[in-house]
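Q: sharing a sequence plus its predicted fold:
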Amino acid sequence: MAIASRLTSEIRGTNQAIRNAADGQALLDTAEGAHAEIEFLLQRMRELAVQAANDTNDTDDRANLQAEVDQLIEEIDRIAAVSTWAGKELLNGTGAGAGTASFSFQIGARTNAEDHITVDIDAMSADALGIGTAGTVDVVSAITSSGAATGGATLTLGGTATSRTLTVGGGIADGFVVPLITGMNNTIAAGEDDHVVVNQATRNSVTVTFDDSNAAFAASDVIEFKIGDDTVSVTLIDSDGIEATTPEGVAEQVRAEIQSMIDAGTLSSALTVSRSAGVLTLAQNNVADTISLKIDNTTISVTLSDTDQYTDNIAGVAEQLKVAIQAKIDDGTLNSNLNVSRAAGVITLTQGGSALSLASGTAARQAIDDIDDAIQTVNEQRANLGAISNRLDSTVRNLTNIATNLEAGRGRIEDADFAAETTSLAKSQILQQASMAMLAQANASKQGVLSLLQR
């Protein structure tokens, strides 16, 4: 019974996973239909742009062509907004990441990583395709940072639709001072008797170890840090589960105070603080750290360098990002209407002019290039989703095979062997009928004898 029950759970879960995969295909097919219609609209817009590029058209002709293009752009936005599956928006970029809708399909009966797949569907609005109204750009939809100081640099999106800014967070300034007090040691290079000054070469990561080898900590003891020009002062407490007399308790109180100052903006948001037992680590961006961001569905990755006058300070990080973004604009990966500039640690992205203008032959030819980029974006998305849809066909066939064999296994435990039981029944019936025939024959012979005696 226990084995059969376990098989039943897997059978029912697998059958539901088959339905899940089929529903996932239906969702992708819904998105595919919308993609196909958007591509049709883009092809018509390209046709109009090619027509407008010809100088046989005057200003009024091009204005009339522009009117249809504007309506087609609005229809693309409408399709992106209304294409839904059971109320979930598919092409409007409202999923887990800005600019991307993320869907997880449970295609297995268990909870392993292999039992589900995640599908990302990028936004297909006119803005996301780079052909939207003037002065708009989907700037950042994902930011990651890797390296020794995870999360050390922050990119903050702000501004208006016509001017988006990325503010790169600062770091630990030169002259980062860690006082050495009773009961506190520093694991990095030795400094003065009463403090350690961290220079440019070592300022990216500072580790402080608290221990009680010299003297015990006590409540009301004061620990002071100086980070750049900002003083961090902590009066040790022994309440709310925090033990002031342990290295872990001291480190936690100092960590909490530094983090609160980072959150409040008193300290640079590029500074990160973490604690492991009695060890406190302060870090920021390091050379060789990687920062990735997404602009108009294009991922830009920068590995921080200290060459060519670049450093891992605010301006250096911002400059490297600016150069990487400009390179994407120059090679046509990003919309050529996008402009990037930097002032200190602030990167400003602007999009000038009409995204698609047919006002002149030159503008129309630029519109052709922009529409080609949009068509390529749609085609890449359709190819990815089509590949996943085809994959789900195999998933359904495999799950069906698993369910069939699981049901056969359970049947061998719970169900009767029909062939064996019918054979046994036939055998029993034959034997019974033969026995009855033999008895009938025996009785018949006795009746013959009796009939002879009566005569």
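A: On my side now, so go ahead.
Q: make it CA atoms for all contacts and neighbour counts henceforth
A: Fine.
Q: immediately after the helix ranked longest in the chain, which helix or strand?
A: Taking DSSP state H as the criterion, the chain has its longest helix at helix 361-414. Using DSSP states H and E, the next helix or strand after helix 361-414 towards the C-terminus is helix 418-454.
Q: what about the longest helix of the chain, average pLDDT?
A: Mean per-residue pLDDT for helix 361-414: 91.
Q: that helix - contacts with which helices or strands?
A: Under the contact definition 3 or more C-alpha pairs under 8 Å, 6 or more residues apart in numbering; DSSP states H and E, helix 361-414 sits against helix 2-52.
Q: again, 10 Å this time
A: Using 3 or more C-alpha pairs under 10 Å, 6 or more residues apart in numbering; DSSP states H and E, the elements in contact with helix 361-414 are helix 2-52, helix 59-82, strand 116-122.
Q: save the ones you listed as JSON lines, and put in mean neighbour count too.
A: Listed next are the helices and strands packed on helix 361-414 as JSON lines, based on neighbours: other C-alpha atoms under 10 Å:
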{"stretch": "helix 2-52", "mean neighbour count": "18"}
{"stretch": "helix 59-82", "mean neighbour count": "17"}
{"stretch": "strand 116-122", "mean neighbour count": "18"}
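Q: excluding chain neighbours, what is closest to Gln16?
A: Closest residue to Gln16 apart from its sequence neighbours, by C-alpha to C-alpha, 6 or more residues apart in numbering: Ala109 at 7.9 Å.
Q: surely that neighbour touches Thr14?
A: Yes - shown here, Ala109 and Thr14 form a contact pair, counting by C-alpha atoms under 10 Å, at 5.0 Å.
Q: which residues do these two both contact?
A: Leu399 (C-alpha atoms under 10 Å, 6 or more residues apart in numbering).
Q: and Ser274, that one's in a strand?
A: Yes - membership of Ser274 in a strand is supported by DSSP: H, G, I helix; E, B strand; the rest coil.
Q: ok, it - contacts?
A: By C-alpha under 10 Å, 6+ apart, the contact list for Ser274 reads Thr207, Ala251, Glu252, Arg255, Ala256, Ile258, Gln259, Leu280, Thr281, Leu282, Ala283.
Q: adding pLDDT and secondary structure as columns, could you present those residues in a markdown table?
A: Shown next, in a markdown table, are these (pLDDT from 0 to 100; DSSP: H, G, I helix; E, B strand; the rest coil):
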| residue | pLDDT | secondary structure |
| --- | --- | --- |
| Thr207 | 63 | strand |
| Ala251 | 78 | helix |
| Glu252 | 83 | helix |
| Arg255 | 84 | helix |
| Ala256 | 86 | helix |
| Ile258 | 83 | helix |
| Gln259 | 85 | helix |
| Leu280 | 73 | strand |
| Thr281 | 71 | strand |
| Leu282 | 70 | strand |
| Ala283 | 64 | strand |
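Q: for ChimeraX, write the selection for the buried entries among the residues you listed.
A: In ChimeraX, this line selects whichever of the contacts of Ser274 come out buried by 16 or more other C-alpha atoms under 10 Å:
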select :207,251,252,255,258,259,280,281,282,283
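Q: tabulate the contacts of Ser274 in JSON lines, adding columns for distance to Ala22.
A: Converted to JSON lines, those look like this (distance: C-alpha to C-alpha, whole Å):
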{"residue": "Thr207", "distance to Ala22": "53"}
{"residue": "Ala251", "distance to Ala22": "53"}
{"residue": "Glu252", "distance to Ala22": "50"}
{"residue": "Arg255", "distance to Ala22": "50"}
{"residue": "Ala256", "distance to Ala22": "49"}
{"residue": "Ile258", "distance to Ala22": "51"}
{"residue": "Gln259", "distance to Ala22": "47"}
{"residue": "Leu280", "distance to Ala22": "51"}
{"residue": "Thr281", "distance to Ala22": "49"}
{"residue": "Leu282", "distance to Ala22": "50"}
{"residue": "Ala283", "distance to Ala22": "48"}
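Q: which one of the contacts of Ser274 sits closest to Val378?
A: Lowest distance from Val378 to those (C-alpha to C-alpha) belongs to Ala283, with 41.2 Å.
Q: just to revisit the earlier point, angle of the longest helix of the chain against helix 2-52?
A: Counting by axes from the mean of the first three to the mean of the last three C-alpha atoms, to 10 degrees, helix 361-414 lies at 170 degrees to helix 2-52.
Q: which SS class is Leu91?
A: coil.
Q: what sits against it?
A: Leu91 is in contact with 31, 34-35, 77, 79-84, 99-101, 121-125, counting by C-alpha under 10 Å, 6+ apart.
Q: what values do phi and psi take at it?
A: With angles defined as degrees, to the nearest 10, Leu91 sits at phi -120, psi 10.
Q: ok, now Ala101?
A: When read as degrees, to the nearest 10, the backbone of Ala101 gives phi -100, psi 130.
Q: that one: neighbour count?
A: 20 (other C-alpha atoms under 10 Å).
Q: quick one: Asn15 from Asn401, how far?
A: From Asn15 across to Asn401, the span is 10 Å (C-alpha to C-alpha, to the nearest Å).
Q: likewise for Glu248?
A: When distance is defined by C-alpha to C-alpha, Glu248 is 55 Å away from Asn401.
Q: assumed Thr348 was part of a helix.
A: No - counting by three-state DSSP, Thr348 falls outside a helix, being strand.
Q: give me the pLDDT value at it.
A: Thr348 is given a pLDDT of 73.
Q: so it makes contact with Lys322?
A: Yes - at 8.9 Å, Thr348 counts as touching Lys322 under the criterion of C-alpha under 10 Å.
Q: the nearest residue to Val119 once chain neighbours are set aside: what's it in contact with?
A: Spatially, and ignoring its direct neighbours in sequence, Val119 is nearest to Phe103 (5.2 Å; C-alpha to C-alpha, 6+ apart). The contact partners of Phe103, taken as C-alpha under 10 Å, 6+ apart, are Gly24, Leu27, Lys88, Leu90, Gly95, Ala96, Ile117, Thr118, Val119, Asp120, Ile121.
Q: I figured the last one hits Ala101, correct?
A: Read it as Ile121. Yes - between Ile121 and Ala101 a contact is recorded at 5.1 Å, counting by C-alpha under 10 Å.
Q: now do the SS call for Phe105.
A: Secondary structure, three-state DSSP: Phe105 is strand.
Q: where's it relative to Ala26, distance?
A: Distance, Phe105 to Ala26, by C-alpha to C-alpha: 12 Å.
Q: overlap of the contact sets of those two?
A: Common contact partners of Phe105 and Ala26 (C-alpha under 10 Å, 6+ apart): Asn20.
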